[in-house]
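Student: Here is a sequence with its predicted model. Questions after.
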Amino acid sequence: MKKNSIQKIKQDIEHDFKTLTILPCEQSRQNNPSVQNPQDVDFGEFAQRVYPFVEIQNFHRIYYRLLELFARGKIRKLMVSMPPQHGKSIGASTLLPAYMLGLNPDLRVAIASYSSALANRFNRRVQRIIEGEEYAAMFPATSIKSGGKPPQYLRTADEVEIVGYGGSLLSVGREGSLTGNRVDCFILDDLYKDAMEANSPIIRENCWEWYTSVVRTRMHNLSQELIVFTRWHEDDLIGVLRERERCVDLCNWADVESLAEGDWLCLNFEALKTGEPCEIDSRQAGEALWPEFQSASLLESKRRLDAVRFECMYQGRPMAQGGLLYGNSFGEYDTLPADIVRWANYTDTADMGDDYLCSMSYAVDTDGVVYVVDVVYSREPMEVTEQQVADMLVRSQVRSAMVESNNGGRGFARAVQRLAPRVKVEWFHQSGNKEARILSNSATALHTIRFPRGWAQRWSELYSHLTTYRRDFKANRWHDAADVVTGIVECEESFRRPTKIQRFGFLSK
């Protein structure tokens, strides 16, 4: 074995058994008084020097002060929720790891996100910061492999080691493996890609299992945790941890000093301020968090589109999902516009014995607005509904029909094709999670789908099941109508973006 490899192994073993409270850079300064003291570097100053292009608002200063307290060990477990596109990842997953490795080159840091690609992107950004001249001026003891040298140190997209020390930066996607890696600081940033993932109970459960069986098992007594992301669901990781462990909401800086061992410190940045001003957030009620970027009027317009989703993503307060998903908010029309460009149909056959077959024929105008023109909503057997749907397709002058092939849908599609030979009938397997699909597309459905005036009387059961459909998925007996309006939204989105269209099976006439 080469001498340099033996030396590297020796350093790793020494790191495993050394006392973590002594910073190696402090030892380096004792041997060389000319080395800059990294403890004198303020996190806000550091951010502006390595990323001078980043615009820092008042709330960023609060955020960065909190991250500095975390970096210096004053906070062991920290949760931060913030609206989308407000700079949470730049602070937590790009600047913070570089800063912490500057303070302590022996630190082993891990970054996790919903995908390894995103986590690796953070890793590469940190590596570029460490290579910069500004960083070297502040933290001369911290450096990484460059140009293949020193050869015994590792540098890849997902892992980089600090030269001369035991520290490293590792990146991993959610549900990725960390076998054999002990972690001193874990940063979990955006563990859910979007609402579709967060609304999936399977993904939420998998995320929790990964957190308990992988993340927590890699930690020791002095390990730190930072969780930062936009809230999507009341049962996301932050929501579950708040239920199971003691959490302290940050209102004043004195709260940091009062933390007990094992406490989480929690800070939620609301897009629109509610409540009284405090030391941490001095805004008046109704003021925007970053008015130059997202004004109060813009945020209010987003709230009007979907108040419950807005409370989740922008206010950081996921509601109990027991309210109505659609209510009476579907638009209505009196006559069809002249600029109709497409006539289509979407059909979902009955899943169980007392479920409904739901079939909607609709027209689409040049703006992508969907006008429902006819409906079959029935619990009759397939031999009856096949003829009903075929007659409706002909009556509504539909050119193409999509039928979910699940639960006998393929045979239903073949029968309808024989009964309506002039209509192109296609079938496909719907593999998406029903709950996630319906909840994630509800705002778009309300925004784009119109029913004819008087539809409450014309299709009374359909109207009742849609307008009383609850956000608590399990509280609903029938999902058929909601599933079809969701399917229409998905089909029309795919139609407008042909590269995204799934390959469907076509039944010849």
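Tutor: That came through fine. Numbers count the residues shown, from 1 in each chain.
Student: Touching, residue 245 and residue 261? I think so.
Tutor: No. The pair residue 245 and residue 261 fails to qualify as a contact (Cβ atoms under 8 Å) at a distance of 11.8 Å. No exception for glycine: its C-beta is placed from N, CA and C like everyone else's.
Student: what's the one helix or strand residue 161 maps to packed up against?
Tutor: Using DSSP states H and E, the element containing residue 161 is strand 159-161. Contacts defined by 3 or more Cβ pairs under 8 Å, 6 or more residues apart in numbering; DSSP states H and E place strand 159-161 against helix 116-131, strand 168-173.
Student: pLDDT weak spots in the stretch 301-450 of the chain?
Tutor: Applying pLDDT under 70 to the stretch 301-450 of the chain flags the ranges 307-308, 319-322, 351-353.
Student: at 80 instead, please
Tutor: Scanning the stretch 301-450 of the chain with the threshold set as pLDDT under 80 gives 303-309, 311, 318-323, 351-354, 406-408.
Student: in it, which spans are strands?
Tutor: Using DSSP state E, counting those that start in this stretch, the strands of the stretch 301-450 of the chain run over residues 331-333, 340-348, 357-365, 370-378, 400-404, 424-428, 449-452.
Student: Would you mind writing the CA trace of the helix or strand where residue 266 lies as PDB?
Tutor: Secondary structure from DSSP H and E places residue 266 in strand 264-268. Output of strand 264-268 as PDB, limited to C-alpha atoms (Å, rounded to 0.1, in the frame of the first residue of the first chain):
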ATOM      1  CA  TRP A 264     -36.100  21.500  17.900                       C
ATOM      2  CA  LEU A 265     -35.900  25.300  17.200                       C
ATOM      3  CA  CYS A 266     -38.500  26.200  14.600                       C
ATOM      4  CA  LEU A 267     -38.900  29.300  12.400                       C
ATOM      5  CA  ASN A 268     -41.600  29.800   9.800                       C
END
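Student: contacting residues around the closest residue in space to residue 313 that isn't next to it in sequence?
Tutor: Excluding the flanking residues, the one nearest residue 313 by Cβ to Cβ, 6 or more residues apart in numbering is residue 230, at 5.4 Å. Counting by Cβ atoms under 8 Å, 6 or more residues apart in numbering, residue 230 touches 81, 82, 83, 84, 88, 190, 313, 316.
Student: Need the winner for burial among the helices and strands packed on strand 159-161.
Tutor: strand 168-173 (a mean of 24; mean count of other Cβ atoms under 10 Å).
Student: Check what contacts that one and list those residues.
Tutor: 97, 101, 108-120, 122-123, 126-127, 154, 157-162, 178, 181, 183.
Student: same thing but at 6 Å, please
Tutor: For strand 168-173, the surrounding residues in contact (Cβ atoms under 6 Å, 6 or more residues apart in numbering) are 97, 108-112, 115-116, 119-120, 123, 126, 158-161.
Student: now do stretch 482-499
Tutor: 346, 348, 358, 360, 370, 402, 437-438, 441, 444-445, 449, 469, 500-501.
Student: Got a quick ChimeraX command for the buried subset of those residues?
Tutor: Remark: buried members of the contacts of stretch 482-499, expressed as a ChimeraX selection using 16 or more other Cβ atoms under 10 Å:
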select :346,348,358,360,370,402,437,438,441,444,445,449,469
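Student: Pull the contacting residues for residue 80.
Tutor: By Cβ under 6 Å, 6+ apart, the residues touching residue 80 are 228, 267.
Student: The closest residue to residue 195 other than its chain neighbours and residue 197, how far apart?
Tutor: Excluding the flanking residues, the one nearest residue 195 by Cβ to Cβ, 6+ apart is residue 440, at 4.4 Å. Distance, residue 440 to residue 197, using Cβ to Cβ, to the nearest Å: 9 Å.
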